[in-house]
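In: A predicted structure for the sequence below; I have some questions about it.
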Amino acid sequence: MKKVLITGANKSIGYETTRQLLQNGYYVYLGSRNLENGLKAVEKLKAEGLTHVEVIQLDVTNDESVKLARIEIGKKTEVLDVLINNAGINGGWPQAALEASIDQFKQVFDTNVYGVARVTQAFIDLLKKSEQPRIVNVSSSGCSLTLHCDPSWKYYTHKAAVYPASKAALNMYTINLAYELRDTPFKVNAVCPGFVATDFNGHRGTGTVQEAGTRISKYAMIGDDGPTGKFISEEHNPETGECPW
């Protein structure tokens, strides 16, 4: 049974991704910053008959928390097949370039960029022991530099200085990570779940968590012929899935 760690998995897209991977026969370590919330999520999943899941307390912004999570999972398995870096924050609004506070930038980057690097580096040894290791970094088409420079893009006027910048930085980290692992079985991709109605955006999104979970799970489960080092947004490009950087 393949094993996967999903950060920020106690609700919304992370929770739905957990459900879908459980349905596909994976064992899931459900990462949750708040242990109680994680336990409640696990209870709900087990009530559905999805039993191959357990919570791992994991705050991606805290070195000690990540180290302890690595120790805990290391006691349970010698191999991790998939890492989904899903935990993220938007930093609050407004996010005007001339008004957003430095504290906003620091807080968002600490979770969305440094947190991903922190967790990936902590668990890379277990991932390297997998025959088909996969890393999915949950990104956003809203961080595409190309699209944001295109006045014809439907979200052209949806500008924000902080959150998209963090995801653009995450994309560059993904590119470098995929490059460093290019001669290995790893598949490393940045995947946009779509503009999904969740607490994250005040339920303004037009997509569903089910659609988002399917998009992320797909790239967690890709075969040896699957892509790596790509920026995927099936909402933006239903045909190829690729999104411009």
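Out: Done, it's in.
In: can you map out the strands along this protein?
Out: Using DSSP state E, the strands of the chain run over residues 3-6, 27-32, 53-57, 82-85, 134-138, 187-191, 230-232.
In: pairing partners for the second one, with directions?
Out: Read it as strand 27-32. The strands beside strand 27-32 in its sheet (DSSP bridges) come out as strand 3-6 (parallel), strand 53-57 (parallel).
In: quick revisit: same list (the strands of the chain) but as CSV, adding distance to P151 and mean neighbour count.
Out: (Glycine included, C-beta is placed from N, CA and C.) Below are those laid out as CSV (distance: least, CB to CB, whole Å; neighbours: other CB atoms under 10 Å):
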stretch, distance to P151, mean neighbour count
strand 3-6, 37, 26
strand 27-32, 39, 25
strand 53-57, 44, 20
strand 82-85, 32, 27
strand 134-138, 27, 26
strand 187-191, 24, 27
strand 230-232, 21, 23
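In: R182: what's it in contact with?
Out: Shown in contact with R182 (CB atoms under 8 Å, 6 or more residues apart in numbering): T228, G229.
In: any chance of the strands of the chain in CSV, plus mean pLDDT?
Out: Listed next are the strands of the chain as CSV, based on pLDDT from 0 to 100:
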stretch, mean pLDDT
strand 3-6, 98
strand 27-32, 98
strand 53-57, 98
strand 82-85, 98
strand 134-138, 98
strand 187-191, 98
strand 230-232, 98
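In: I'd like these as JSON lines, with distance to L98 appended.
Out: Formatted as JSON lines, these follow (distance: least, CB to CB, whole Å):
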{"stretch": "strand 3-6", "distance to L98": "36"}
{"stretch": "strand 27-32", "distance to L98": "36"}
{"stretch": "strand 53-57", "distance to L98": "39"}
{"stretch": "strand 82-85", "distance to L98": "30"}
{"stretch": "strand 134-138", "distance to L98": "29"}
{"stretch": "strand 187-191", "distance to L98": "28"}
{"stretch": "strand 230-232", "distance to L98": "28"}
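In: report the buried residues of stretch 215-224.
Out: For stretch 215-224, the neighbour count (16 or more other CB atoms under 10 Å) marks R215, I216, S217, K218, Y219, A220, M221, I222 as buried.
In: and the gap between the first one and P244?
Out: Computed with CB to CB, to the nearest Å, the distance linking R215 and P244 is 17 Å.
In: likewise the fifth one?
Out: Here the criterion is CB to CB. By it, Y219 lies 18 Å from P244.
In: and which of the buried residues of stretch 215-224 is nearest to T77?
Out: Closest to T77 out of the buried residues of stretch 215-224 is A220 (16.5 Å), distances taken as CB to CB.
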